[in-house]
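Colleague: Take this sequence and fold it.
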Amino acid sequence: MRKADLIAKISEKTGIAKVDVLVALEAFFKEVKDSLKDGENVYIRGFGSFIVKKRAKKIGRNIKKNVAIEIPEHNIPAFKPAKVFVEQVKSSEKSELAIGAYDFDDDDEDDDES
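Modeller: Below you'll find the predicted structure:
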C-alpha cells in the first residue's frame, strides 16, 4: 500500500475529503520527523514507537581505494511495533493462509509404498 492508497482508504472510511486527509497525514509525518531530529522518541500506544537509535563509531573500508575509514557515531530513525500490533499481524488471516500454504508434514509415505 502506498501513501495515495492510504489516503484514499482513510478518506473513504471517515468521510473526510482526501485533501484534508493528506494535510493531516503530512502534518503527522512532519511532527514525527521533527521530534526524531530533536532526539525525542514518539510513542503511540497500541501501534508502536518511532525511536532514535545511536550507532557507535566504527571502522569501515573503502574497497575502491583499499583504505580504512572511520565512520563517526550517528543517529538513525527506527520503528518498533507494539506487542498488540505484532500479535494482530501474526494472527491475521493472510499470515495463517501463508503458513497453511506450506506442507510441513511428510505424509508422502503413500507414494513410497508403490
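Colleague: Enumerate every residue touching Gly15.
Modeller: Listed by CB atoms under 8 Å, 6 or more residues apart in numbering, the contact set of Gly15 is empty. C-beta coordinates here come from the backbone N, C-alpha and C atoms, glycine included.
Colleague: which residues touch the lengthiest helix in the chain?
Modeller: If you go by DSSP state H, the chain has its longest helix at helix 18-37. Contacts made with helix 18-37 from outside it, assessed by CB under 8 Å, 6+ apart, are listed as 3, 6-8, 10-11, 14, 41-42, 50-52, 77.
Colleague: and what of stretch 7-14?
Modeller: Under CB under 8 Å, 6+ apart, the answer for stretch 7-14 is Met1, Ile16, Ala17, Lys18, Val21, Leu22, Leu25.
Colleague: let's see it at 7 Å
Modeller: Applying CB atoms under 7 Å, 6 or more residues apart in numbering, the contact partners of stretch 7-14 are Ala17, Lys18, Val21, Leu22, Leu25.
Colleague: ok, now how distant is the last one from Glu70?
Modeller: Applying CB to CB, to the nearest Å, one obtains 39 Å for the distance of Leu25 from Glu70.
Colleague: At the geometric centre of this structure, which residue do we find?
Modeller: Nearest to the mean C-alpha position of the chain, counting by CA atoms, centre = their mean, stands Phe79 at 6.2 Å.
Colleague: got the angle for the helix or strand where that one lies vs helix 18-37?
Modeller: Taking DSSP states H and E as the criterion, Phe79 maps to strand 74-81. If you take axes from the mean of the first three to the mean of the last three CA atoms, to 10 degrees, strand 74-81 sits at 130 degrees to helix 18-37.
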